[in-house]
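Engineer: Okay, structure incoming, though there's no sequence with it:
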């Protein structure tokens, strides 16, 4: 389990424990193998990746505690305090949205992602914010399912 101060990488303020294998540059070209592209300052400047260290807040997002009993009906509470449902259909919908948003980000479209919470309120966010949210959502969903 990571601890505060451990090394990590950041993109748009979001902490990642590993780098992606492939990055797309603004000219449309790609670079693969992070052990190579991460050492190129031109690629880093173009993609926005940087080295950092984990904070406790990062760890809480990456490894949330399992939810209370009745978790399936309660849904997942985001760090902002709104809830996402996590029945199988909800997971499938959010996963599909992620696939489409990732492709849009790869194409450089930079459009916001809109997610509707359990109260019917729509929340708009960047792809990096959505990816971080979905990783925390998935980790919490897995932890909850294992704790049943």
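Structural biologist: That came through fine. Computed from a predicted model, the values in this text were never measured in an experiment. Numbers count the residues shown, from 1 in each chain.

Engineer: Which helix or strand lies directly C-terminal to the helix or strand bottoming out on mean pLDDT in the chain?
Structural biologist: Scoring the helices and strands of the chain by mean pLDDT, DSSP states H and E places helix 71-74 at the bottom, with a mean of 70. Next along the chain after helix 71-74, taking DSSP states H and E as the criterion, comes strand 76-77.

Engineer: what's the next secondary structure element after that next one?
Structural biologist: As assigned by DSSP H and E, the chain's next helix or strand after strand 76-77 is strand 83-84.

Engineer: could you pull out the strands for this structure?
Structural biologist: Secondary structure of the chain by DSSP state E: the strands cover 7-11, 14-16, 22-24, 30-32, 50-53, 76-77, 83-84, 113-116, 122-125.

Engineer: Just give me the lowest mean pLDDT stretch among these.
Structural biologist: Lowest mean pLDDT of those: strand 76-77, a mean of 86.

Engineer: quick one: strands adjacent to that one?
Structural biologist: strand 83-84 (antiparallel) (DSSP bridges).
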